[in-house]
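Student: Whatever this is, show me its structure:
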Amino acid sequence: MGELIIEIIFLLPLYGILIWTYFAPKESALLLQRWKYKEEPELSENYIRYIKFASISSIVVITFVTVAIIVTSPFIRLLLLFMVIVYFIMAGHKFLKSLE
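Tutor: Predicted coordinates for the structure are as follows:
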C-alpha cells in the first residue's frame with residue numbers, strides 16, 4: 001500500500017505536466033528553448049496535433065501501467081490492454097487522417 005501512495009505522489013506532477021502540454025502545446029513546445037529565438041516561432045498545426053496526441057497517449061499509457069500494477073486479476077489486465085490497443089488504433093487513425 002505504501003508503494004502505491006509513493007507512486008501516486010510521483011505521478012501527480014507528471015499528469016499535471018501532460019495535461020498542461022495538452023491544453024498549451026505552444027508554450028510547452030518552447031519550454032526551456034524560448035531563449036534560442038529572437039521572435040516567437042510559428043509552430044505548424046501538424047506539430048501541435050502531434051504534441052496533443054503524444055500527451056494524451058502518454059496519459060493513457062501511464063494510467064494503464066498504474067492500474068495494471070494495482071489490479072491482480074488477469075482478465076481485467078487483459079481487458080485494459082485491449083482498451084489501450086483499441087484507443088491507439090482509433091486515435092492513431094484519426095491523427096493520421098488529420099495530417100492529410
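Student: What strand or helix carries Thr72?
Tutor: Secondary-structure assignment from DSSP states H and E places Thr72 in no helical or strand segment.
Student: That one: how many residues sit nearby?
Tutor: Other residues within reach of Thr72, judged by other CB atoms under 10 Å, total 8. C-beta: built from backbone N, CA, C; applies to glycine.
Student: Quick one: find the helix or strand in this protein with the lowest mean pLDDT.
Tutor: Counting by mean pLDDT, DSSP states H and E, the weakest-scoring helix or strand in the chain turns out to be helix 25-29, with a mean of 83.
Student: Pro25: neighbour count?
Tutor: 19.
Student: how close does the residue nearest to it when sequence neighbours are not counted get to Val65?
Tutor: Once flanking residues are discounted, Pro25 sits nearest to Ile51: 4.1 Å by CB to CB, 6 or more residues apart in numbering. As judged by CB to CB, to the nearest Å, Ile51 and Val65 stand 21 Å apart.
Student: of these two, who's got more company?
Tutor: Using other CB under 10 Å as the criterion, Ile51 and Val65 rank with Ile51 on top: 18 against 14.
Student: buried sites along stretch 78-93?
Tutor: Under the neighbour-count criterion of 16 or more other CB atoms under 10 Å, stretch 78-93 has Leu80, Val84 buried.
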